[in-house]
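Enquirer: sequence and predicted model, in that order:
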Amino acid sequence: MTCTDFLSKMTDYFDGEVEPELLTEIQSHLAECDHCEILVDTTRQTIRVYRDHQVFELPNEVRERTVARIMAACVKH
C-alpha cells in the first residue's frame with residue numbers, strides 16, 4: 001500500500017468501514033510510514049477536539065502566521 005492508497009481509504013478507515021484484509025494492509029502501512037502515522041494521529045486529535053467541543057486557543061503569533069499562510073495560498077490560486 002502506498003501513501004496515496006491510504007489517503008484514498010482514510011475516511012473509511014476512521015469510519016471503521018474497511019474490509020479486514022484492507023485493514024491489515026493499512027495497519028502494516030501505518031507501522032512502516034511515519035508520515036501517514038502522524039497524519040492519523042493528528043486527525044484523531046482533531047476529531048477528539050471537535051467531538052469534545054474543546055476550545056483551543058492559538059497563541060497570537062501562531063494565529064497570525066496561520067492566517068498569513070492561508071491568505072498567501074488564496075492569492076496564489
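Expert: That came through fine.
Enquirer: excluding chain neighbours, what is closest to H35?
Expert: C3 (6.4 Å; Cβ to Cβ, 6 or more residues apart in numbering). Using the backbone N, CA and C atoms, a C-beta is placed for each residue, glycine as well.
Enquirer: helix or strand next in line after the lengthiest helix in the chain, which one?
Expert: Scanning the chain for the helix with the most residues, using DSSP state H, yields helix 34-52. Sequence-wise, the next helix or strand downstream of helix 34-52 (DSSP states H and E) is helix 60-76.
Enquirer: how big is the angle separating the helix or strand where L22 lies from helix 34-52?
Expert: Assigned by DSSP H and E, L22 belongs to helix 20-32. Counting by axes from the mean of the first three to the mean of the last three Cα atoms, to 10 degrees, helix 20-32 lies at 110 degrees to helix 34-52.
Enquirer: report the buried residues of helix 20-32.
Expert: Applying a neighbour-count criterion of 16 or more other Cβ atoms under 10 Å, one finds I26, H29, L30 buried in helix 20-32.
Enquirer: tabulate the residues you listed (TSV), appending pLDDT.
Expert: Formatted as TSV, these follow (pLDDT from 0 to 100):
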residue	pLDDT
I26	95
H29	95
L30	95
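Enquirer: low-confidence ranges in this protein?
Expert: 54, 76-77 (pLDDT under 70).
Enquirer: how does it look with 80?
Expert: Scanning the chain for pLDDT under 80 picks out 52-56, 75-77.
Enquirer: one step back: please save the CA atoms from the helix holding L22 in PDB.
Expert: C-alpha atoms of helix 20-32 as PDB (Å, rounded to 0.1, in the frame of the first residue of the first chain):
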ATOM      1  CA  PRO A  20     -10.500  -7.000   7.300                       C
ATOM      2  CA  GLU A  21      -7.900  -7.700   4.600                       C
ATOM      3  CA  LEU A  22      -7.600  -4.000   3.700                       C
ATOM      4  CA  LEU A  23      -7.400  -3.100   7.400                       C
ATOM      5  CA  THR A  24      -4.400  -5.400   7.700                       C
ATOM      6  CA  GLU A  25      -2.800  -3.600   4.800                       C
ATOM      7  CA  ILE A  26      -3.500  -0.200   6.300                       C
ATOM      8  CA  GLN A  27      -2.100  -1.200   9.700                       C
ATOM      9  CA  SER A  28       1.000  -2.600   8.100                       C
ATOM     10  CA  HIS A  29       1.500   0.600   6.100                       C
ATOM     11  CA  LEU A  30       1.000   2.700   9.200                       C
ATOM     12  CA  ALA A  31       3.600   0.700  11.100                       C
ATOM     13  CA  GLU A  32       6.100   1.500   8.400                       C
END
